[in-house]
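> sequence and predicted structure below; questions after.
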Amino acid sequence: MERNSVAKLLQHPVAKPLVFAASLAPFAYLAWAAFANALGANPAEALIRSTGDWTLRFLAITLAVTPLRVITGQNQLLRFRRMLGLFAFFYGTVHVLCYAGLDMGLHVGDIARDIVKRPFILAGFTALVLMAPLAATSFNRAIRALGARRWQRLHQLVYVVAPVGLLHFWWMRAGKNDFAEPAVYIAIIGALLGWRVWHRWRGEAVKGTLPFSFGRPGGR
Amino acid sequence: MPSRHSRAYPLPSPSEITPRAIYEQRREFLKRMALGVAGASLAGCIESSAQAEAVAQPKGKILLPGTPSREPGAIATDTLTPYKDVTTYNNFYEFGTDKASQAKKAGTLKTRPWTVSVEGAVAKPRAFGIEELLKLAPMEERVYRLRCVEGWSMVIPWVGFSFRELAKLVEPTGNAKFVEFVTLADDRQMPGVRSGVLAWPYAEGLRIDEAMHPLTLLAFGLYGEVLPNQNGAPVRLVVPWKYGFKSAKSLVKIRFVEAKPATAWETVAPQEYGFYSNVNPAVDHPRWSQATERRIGADGLLQAKRPTLLFNGYEAQVGNLYAGMDLRKHY
């Protein structure tokens, strides 16, 4: 398809609602399956694991926006980045709520002990906590209040969130010596972060955004 | 091969021994009893549509009757885990690491012909064909709790006999201090064996007194039929007071040895899995607490997990095996 027609599609008024609906679909399916008892023999485990998977997937999709935009020249892709990043935080929050509610019975003391005692829980918890300020400053007024530069620096936290989230997944699977799945996520997110490093190393400022930034403010 | 519907399912009527609420939860189980008793064609339809679809068993179901065991502790009174959950949620890394897909993947396992060689520190080492093993001692029905190290549990009606019935035949010598149990590792039948998750073949081990304990079971069936492949066909070990991974599946070799054998999980992650691996709520796995467990098919999604019992509730039967041992050190 021609570049212009792709840009038109991306700008279409229903594009954003469509991406929103698609991003919510995994959650809708899991909610339905939980009520319909369609999550297999251990629904709690299925919910905790799949919400964790979706958190990492949305982190990867969000981090893919800028490389894709630069490589394809489709600047309209930026319109979706904020929403995708917020979905990463949304699935991360649901993941933590499933763990806290289904695995720990919402016992605050047990959860606190678990975080302190187990490195992989601490890593996952840290990743979510670091995502919170990004979600909290994702609206336009926050960007103006912070100023573009400071906002950008703050949102570079995503480069910490992604590796810490991957570490959480890796450590969890280390218990079973089973790294096949974490390796796939590490390869994909590693490539997306590596692309940024490569650009900075070549000294090329990526047009319209700092090479290392989460993105230009206000990807409306 | 006995006919599919010719046999009464050989447990005492649960209504005689079980509170009504629990009894009613056994409808899955009772449906299966009705299959055996009535042999009605309608019931046959229920089985073929509801269960045969859910379970990969290429050769069809073969019944394997057993009489209720008289060993103390051998018939747990807990509600049975539904057949569907028992046969569709399995750890069997020889077929990959996904518990939900083993029922389909394990269809490639060929369970006939099958030989189990028994060797090592025994007066009469020899190989047993599976048909011979099946006739070696009377088949017993045993309802055991199974506690997985991952924090979930099931209640399964196994069919088999005590491992010591086999051991007696080969006459262990004084040098037999441990027993090693080895699972088949054939990458043509078991694609998971090509992965590096474990060092194959899967091997497990017990101290000789643990192996000779009457509750240590050689299982050939569950729910009154031969083991589905994903549950460890055609013969497996079941050690109900230890975490599930100690109960090696699809056995091809049993060795009586003098030195403590290297076991599969202890080899790849010694800091996480010990040789003994007795169920113990007071000794955490490094990655999660072992104080509680989720009973598959019984506990609701929002229900609190139930407390895990020392030795999985078999302390009365096996506690004396570990008298004076530091269970934190020998985890």
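Yes, it's here.
> I'd assumed B:Leu237 was in a strand, is it?
Yes: counting by DSSP: H, G, I helix; E, B strand; the rest coil, B:Leu237 is part of a strand.
> next, the contact list for it, please.
B:163, B:181, B:204, B:216-219, B:246-249, B:251 (Cβ atoms under 8 Å, 6 or more residues apart in numbering or on different chains). In this view, the C-beta of every residue, glycine as well, is placed from N, C-alpha and C.
> pipe those into a markdown table and attach neighbour count and secondary structure per row.
Formatted as a markdown table, these follow (neighbours: other Cβ atoms under 10 Å in any protein chain shown; DSSP: H, G, I helix; E, B strand; the rest coil):
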| residue | neighbour count | secondary structure |
| --- | --- | --- |
| B:Phe163 | 25 | helix |
| B:Phe181 | 27 | strand |
| B:Glu204 | 25 | strand |
| B:Thr216 | 24 | coil |
| B:Leu217 | 25 | strand |
| B:Leu218 | 24 | strand |
| B:Ala219 | 28 | strand |
| B:Lys246 | 27 | helix |
| B:Ser247 | 21 | coil |
| B:Ala248 | 25 | coil |
| B:Lys249 | 30 | coil |
| B:Leu251 | 23 | strand |
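> which one's the longest helix in chain A?
Assignment by DSSP state H gives helix A:43-72 as the longest helix of chain A.
> could you give the average pLDDT over it?
Computed over helix A:43-72, the mean pLDDT rounds to 97.
> in chain A, which residue sits closest to chain B?
Closest residue of chain A to chain B, Cβ to the nearest Cβ: A:Ala41 (3.4 Å).
> how about the residues of chain B near chain A?
Within chain B, the positions adjacent to chain A are B:84-85, B:88-89, B:97, B:99-100, B:152, B:195, B:197-198, B:268-269, B:272, B:284-289, B:294, B:296-297, B:301-302, B:304-305 by Cβ under 8 Å from any Cβ of the partner chain.
> mind checking which of the residues you listed are buried?
Buried members of the residues of chain B next to chain A, counted by 16 or more other Cβ atoms under 10 Å in any protein chain shown: B:84-85, B:88-89, B:97, B:99, B:152, B:195, B:197-198, B:268, B:272, B:285, B:287-289, B:294, B:296-297, B:301, B:305.
> A:Pro43: what's it in contact with?
Applying Cβ under 8 Å, 6+ apart to A:Pro43 gives the contacts A:33-34, A:37, B:301.
> next one: B:Gly244
Here B:Gly244 is in contact with B:91, B:146-149 (criterion: Cβ under 8 Å, 6+ apart).
> before we move on, what about A:Pro67?
A:192, A:195-196 are the contacts of A:Pro67 under Cβ under 8 Å, 6+ apart.
> redo that, cut-off 6 Å
Counting by Cβ atoms under 6 Å, 6 or more residues apart in numbering or on different chains, A:Pro67 makes contact with A:Trp195.
> B:Asn91 now?
Neighbours of B:Asn91 in contact, by Cβ under 6 Å, 6+ apart: B:Lys99.
> need phi/psi at it.
Main-chain dihedrals, B:Asn91, degrees, to the nearest 10: phi -90, psi 120.
> so where's the stretch 101-250 of chain B uncertain?
Applying pLDDT under 70 to the stretch 101-250 of chain B picks out no residues at all.
> so, low pLDDT: which residues of chain A?
Across chain A, the ranges flagged by pLDDT under 70 are A:1, A:204-220.
> please name the nearest non-neighbouring residue to the closest residue to chain A within the stretch 51-200 of chain B.
The stretch 51-200 of chain B approaches chain A most closely through B:Tyr89 (3.4 Å), counting by Cβ to the nearest Cβ. In this structure, B:Tyr89 finds its nearest non-sequential neighbour in A:Ala41, 3.4 Å apart by Cβ to Cβ, 6 or more residues apart in numbering or on different chains.
> repeat for B:Leu206
Leaving aside its chain neighbours, B:Leu206 sits nearest to B:Val179 (5.3 Å; criterion: Cβ to Cβ, 6+ apart).
> gap between B:Tyr223 and chain A?
Relative to chain A, B:Tyr223 is positioned 15 Å away (Cβ to the nearest Cβ, to the nearest Å).
> burial check on the closest residue to that residue other than its chain neighbours, number of neighbours?
Nearest residue to B:Tyr223, sequence neighbours excluded (Cβ to Cβ, 6+ apart): B:Tyr83, at 5.2 Å. Counted with other Cβ atoms under 10 Å in any protein chain shown, the neighbours of B:Tyr83 add up to 24.
> what of B:Ala185?
Neighbours around B:Ala185, by other Cβ under 10 Å: 18.
> contacts only, for it.
B:193, B:200-201.
> ok, now B:Gly274?
With contact set as Cβ under 6 Å, 6+ apart, B:Gly274 has these partners: B:Tyr331.
> can you tell me the SS state at it?
coil.
> same thing with B:Ile156?
Reduced to three states by three-state DSSP, B:Ile156 is strand.
> and the gap between it and B:Gln271?
B:Ile156 sits 30 Å away from B:Gln271, taking Cβ to Cβ, to the nearest Å as the criterion.
> so between those two, which is more surrounded?
B:Ile156 (23 against 7).
> what's the helix or strand hosting A:His168 in contact with?
Taking DSSP states H and E as the definition, A:His168 sits inside helix A:158-174. With contact meaning Cβ under 6 Å, 6+ apart, helix A:158-174 is reached by A:56, A:59, A:120, A:123-124, A:126-127, A:130-131, A:179, A:182, A:185-186, A:189, A:214.
> go on, stretch A:120-127?
A:114-115, A:161, A:164-165, A:167-168, A:171-172.
> ok, and the closest non-adjacent residue to B:Asp187?
Leaving aside its sequence neighbours, B:Asp187 sits nearest to B:Val193 (Cβ to Cβ, 6+ apart; 4.5 Å).
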